[in-house]
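**Student:** need a structure here:
(chains A and B)
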Protein chains: 2
Amino acid sequence: MNTLPADSIGIVETKTAHFDTPLQLACGRSLERYELVYETYGTLNEQRTNAVLICHALTGNHHAAGWHEGDKKPGWWDAYIGPGKSIDTNRFFVISLNNLGGCDGSTGPTSINPDTGRIWGPDFPLMTVHDWVESQARLADHLGITHFAAVVGGSLGGMQAIQWSLSYPERVSHTAAIATTPKLTAQNIAFNEVARQAIRSDPDFRDGWYSEHQTLPRRGLRLARMVGHITYLSELAMGNKFGRDVRNELNFGYGIEFEVESYLRYQGKNFSDRFDANTYLLMTKALDYFDPAGEADGDLAQALTPAQSRFLVVSFTTDWRFAPSRSRELVDALVLAGKRVSYANIDSSYGHDAFLLPHPRYEAVLGGFLRQAGDTLGLAASTTAEEASS
Amino acid sequence: MNTLPADSIGIVETKTAHFDTPLQLACGRSLERYELVYETYGTLNEQRTNAVLICHALTGNHHAAGWHEGDKKPGWWDAYIGPGKSIDTNRFFVISLNNLGGCDGSTGPTSINPDTGRIWGPDFPLMTVHDWVESQARLADHLGITHFAAVVGGSLGGMQAIQWSLSYPERVSHTAAIATTPKLTAQNIAFNEVARQAIRSDPDFRDGWYSEHQTLPRRGLRLARMVGHITYLSELAMGNKFGRDVRNELNFGYGIEFEVESYLRYQGKNFSDRFDANTYLLMTKALDYFDPAGEADGDLAQALTPAQSRFLVVSFTTDWRFAPSRSRELVDALVLAGKRVSYANIDSSYGHDAFLLPHPRYEAVLGGFLRQAGDTLGLAASTTAEEASS
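**Tutor:** The predicted structure follows:
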């Protein structure tokens, strides 16, 4: 691309933070040292009060907005982060990182284990949402940020936003939990388990040591992604997009006959070329484990009691992965716990994927919530805009 | 089991019919000769007017009711077929077959291709619902049955029942289409495609020639069945059955942690031991291809015009594989086409699986429809009962 859109944050740079204080993990193990890659958009104000943390979902990463040199498309949430956008980089200093255990630069299964000199592979410890929040808190410390104006995330990212409000109530003013759930259903876990079995039963998985065997469990990753895609799209979106359109004549064989087959095979292939299998397994487990109410005898309202932030909960009408009813459970528990919460159920035909896509009402709702965060903290939008452009 | 229940049809016998008139198939190929295995329950009356055909679903077979010597459980629809049951064997002569292409005795991929002396394997032609109806009509001819009091089926079996009413309008009095759909959605096809890719990408599949290589694509079959099971159960049923029950303590590894994982692995393993992969592929394709409206420019009511039978359409409230809305499409089109149709949406928490399970209202509805069929045809229930017990 030659010309950046006027509301783009522009070319962005990826940074790396090194940590060498051991991080104690929920699984009982600890990481002695690790790195987190991250990007920042906008300018941190003098009082260090305008930071917003973005938490990513299953296969996301630190590159949430702006452009890398030579890229054909911007970061995954560019529609929502930038000058004048819902998460306004004229006003806020936005931080987005690749989670620990990821495969896009932060320490994870594809990194070298310093104790062995060998790739971590399947020996990398399983992560929980709680662990991620701890590692993100250290990144905040590293950047001199004691307090977030907002923590924002969709799907698995929404779980991290919720956990932030519970682990560090005094460090978060506003929490936006989008297209998420207070815990997975048995069906959600079942889909994750199919994806895991697909990967783990691929002979090229080699018990997770595929890189040492110079293989890649592509078949398993393809299948995992295909299953995932079915759950990300609404039945309606799939119907609208593909219907029963036959690609060619029916060939009465196992080549492509229906458009949706072509789409799934393409998505699967693409994904298997870019994503690490051990990371995918680990991410699905973090989803399964998230259950704040579990720590309070199943009482979600009780579990949410420590939170001090204001909440925005957003769901999408055709999302059947984390349906609106799951968001309402969260809203009900927040209300019961006496928290300040706004809820929007956004009309969209795109299913779970909707949280990543442009949508006027969704943009307005998220933008309004962030504006309130800025106003509450006394961040002058215009002044900050001038700071940003100076 | 030592004592058969009083309303059981008792010990049943599997028979085989041989056919050597070539069967022209939708794919353009033809089968020169083939066998169909079947069972019959009850007694054919002198006028040969009391026959009922049962059509099976994806992984079903001819053993719909009664017991085989040594079995620990009866046929798959024993709750609905027997003396005094919804499909009353005191009144009706019930026929149930294993479809062509199946793996339970009828000619299919595991049979020997007489032209080559080699197992058919992946060379077995793909089947359509239309082809099955043709082969079933020949079985009826073979048994001297020119007319069915009713053709009954659930899921893929319901598609066959519908097709019977269209292919042979004058041969069917009553059609019961249960938990079915006039055609698959893109999402349905997508799930089938994941199952197919799981099987076909298993290195042990060997392009379908696994038996010649003395391998079995167990991994693929396991995954296919796991995906299938998620779609057969309602989210509610899964939640009620498993919730988030952890089997043991969380082990922070990839062993069994949640009950639903254990269930899916067990179902997958079981299935991979008993079902033929090429047959599974073929059955999913038959589902994808079914689309009677497609032959009438998408006008389902137009496509249903030839039917002369009365119809019963049954759906289940929590079935998301073939949702009640799909049954209502069928009902609406039947009404528009001027057909006589009854519709029942049965309250059940069991999802698609509900069509196989005992349920008082469902039993009453199906029983009432069959009773009407018997009365319309002047079959005296009591007389037939005496015939059966004589």
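**Student:** From here on, just use CA atoms for contacts and neighbour counts.
**Tutor:** Fine.
**Student:** And the helix or strand residue A:366 falls within, what does it pack against?
**Tutor:** Here residue A:366 sits within helix A:360-376, counting by DSSP states H and E. Contact analysis of helix A:360-376 by 3 or more C-alpha pairs under 8 Å, 6 or more residues apart in numbering or on different chains; DSSP states H and E lists strand A:87-88, strand A:148-154, strand A:172-178, strand A:341-346 as its packing neighbours.
**Student:** At the contact with chain B, which residues of the stretch 201-350 of chain A appear?
**Tutor:** Proximity of the stretch 201-350 of chain A to chain B, by C-alpha under 8 Å from any C-alpha of the partner chain, involves residues A:201-202, A:219, A:223, A:226-227, A:230, A:235, A:238-239, A:242-244, A:251-253, A:260-261, A:264.
**Student:** Surely residue A:5 is within a helix?
**Tutor:** No: in this structure, residue A:5 is coil, not part of a helix, as judged by DSSP: H, G, I helix; E, B strand; the rest coil.
**Student:** Return a PyMOL selection command for the buried portion of the residues of the stretch 201-350 of chain A next to chain B.
**Tutor:** Buried residues among these (16 or more other C-alpha atoms under 10 Å in any protein chain shown), as a PyMOL selection:
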select buried, chain A and resi 201+202+219+223+226+227+230+235+238+239+242+243+244+252+260+261+264
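**Student:** Need the three-state assignment for residue A:262.
**Tutor:** Per three-state DSSP, residue A:262 ends up helix.
**Student:** burial count for the residue nearest to it when sequence neighbours are not counted?
**Tutor:** Nearest non-adjacent residue to residue A:262, counting by C-alpha to C-alpha, 6 or more residues apart in numbering or on different chains: residue A:256, 6.0 Å away. For residue A:256, the tally of surrounding residues (other C-alpha atoms under 10 Å in any protein chain shown) stands at 19.
**Student:** wait, doesn't residue A:256 sit right on residue A:265?
**Tutor:** No: Residue A:256 is beyond contact range of residue A:265, at 9.1 Å (criterion: C-alpha atoms under 8 Å).
**Student:** Out of the helices and strands packed on helix A:360-376, which is closest to residue A:61?
**Tutor:** When the helices and strands packed on helix A:360-376 are compared by C-alpha to C-alpha, strand A:148-154 sits nearest residue A:61, at 12.0 Å.
**Student:** which neighbours does that closest one have in its sheet, and in what orientation?
**Tutor:** Strand A:148-154 has these partner strands in its sheet, going by DSSP bridges: strand A:51-55 (parallel), strand A:172-178 (parallel).
**Student:** could you dump those to a markdown table with mean pLDDT?
**Tutor:** Below are the strands paired with strand A:148-154 laid out as a markdown table (pLDDT from 0 to 100):
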| stretch | mean pLDDT |
| --- | --- |
| strand A:51-55 | 98 |
| strand A:172-178 | 98 |
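**Student:** Now render the ones you listed as TSV, adding mean neighbour count and distance to residue B:273.
**Tutor:** Shown next, in TSV, are the strands paired with strand A:148-154 (neighbours: other C-alpha atoms under 10 Å in any protein chain shown; distance: least, C-alpha to C-alpha, whole Å):
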stretch	mean neighbour count	distance to residue B:273
strand A:51-55	27	43
strand A:172-178	27	43
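**Student:** quick one, which of the ones you listed is nearest to residue B:43?
**Tutor:** strand A:172-178 (62.1 Å).
**Student:** can you give me the angle the helix or strand just after the closest one makes with helix B:186-200?
**Tutor:** Using DSSP H and E, the helix or strand that follows strand A:172-178 in sequence is helix A:186-200. Relative orientation of helix A:186-200 versus helix B:186-200 (axes from the mean of the first three to the mean of the last three C-alpha atoms, to 10 degrees): 30 degrees.
**Student:** roughly how far out does helix A:186-200 sit from the chain middle?
**Tutor:** With C-alpha atoms, centre = their mean, to the nearest Å as the basis, helix A:186-200 stands 19 Å off its chain's centre.
**Student:** what's that helix packed up against?
**Tutor:** Partner elements for helix A:186-200 (3+ C-alpha pairs under 8 Å, 6+ apart): helix A:218-232, helix A:277-289, helix B:218-232, helix B:235-242, helix B:259-274.
**Student:** and the first one, how far out from the chain's middle?
**Tutor:** Spelled out, that is helix A:218-232. Here helix A:218-232 is found 18 Å from its chain centre; the criterion is C-alpha atoms, centre = their mean.
**Student:** The second one too?
**Tutor:** The chain centre lies 13 Å from the centre of helix A:277-289; the measure is C-alpha atoms, centre = their mean.
**Student:** cool, and stretch A:286-301?
**Tutor:** Taking C-alpha atoms, centre = their mean, one finds stretch A:286-301 lying 19 Å from the centre of the chain it belongs to.
**Student:** Contact residues of the stretch 51-200 of chain A facing chain B?
**Tutor:** Within the stretch 51-200 of chain A, the residues that sit near chain B (C-alpha under 8 Å from any C-alpha) are A:126, A:184-187, A:189-191, A:193-194, A:197-198.
**Student:** mind putting these in JSON lines, neighbour count and pLDDT included?
**Tutor:** Below are these laid out as JSON lines (neighbours: other C-alpha atoms under 10 Å in any protein chain shown; pLDDT from 0 to 100):
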{"residue": "A:126", "neighbour count": "27", "pLDDT": "97"}
{"residue": "A:184", "neighbour count": "20", "pLDDT": "97"}
{"residue": "A:185", "neighbour count": "20", "pLDDT": "96"}
{"residue": "A:186", "neighbour count": "26", "pLDDT": "96"}
{"residue": "A:187", "neighbour count": "23", "pLDDT": "96"}
{"residue": "A:189", "neighbour count": "23", "pLDDT": "97"}
{"residue": "A:190", "neighbour count": "25", "pLDDT": "97"}
{"residue": "A:191", "neighbour count": "21", "pLDDT": "98"}
{"residue": "A:193", "neighbour count": "28", "pLDDT": "97"}
{"residue": "A:194", "neighbour count": "26", "pLDDT": "98"}
{"residue": "A:197", "neighbour count": "22", "pLDDT": "98"}
{"residue": "A:198", "neighbour count": "28", "pLDDT": "98"}
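**Student:** now, which of those residues sits nearest residue B:343?
**Tutor:** Nearest to residue B:343, judged by C-alpha to C-alpha, of those is residue A:187 at 29.3 Å.
**Student:** Leaving aside the residues adjacent along the chain, what's closest to the closest one?
**Tutor:** Of all residues not flanking residue A:187 in the chain, residue B:235 sits nearest, at 5.8 Å (C-alpha to C-alpha, 6+ apart).
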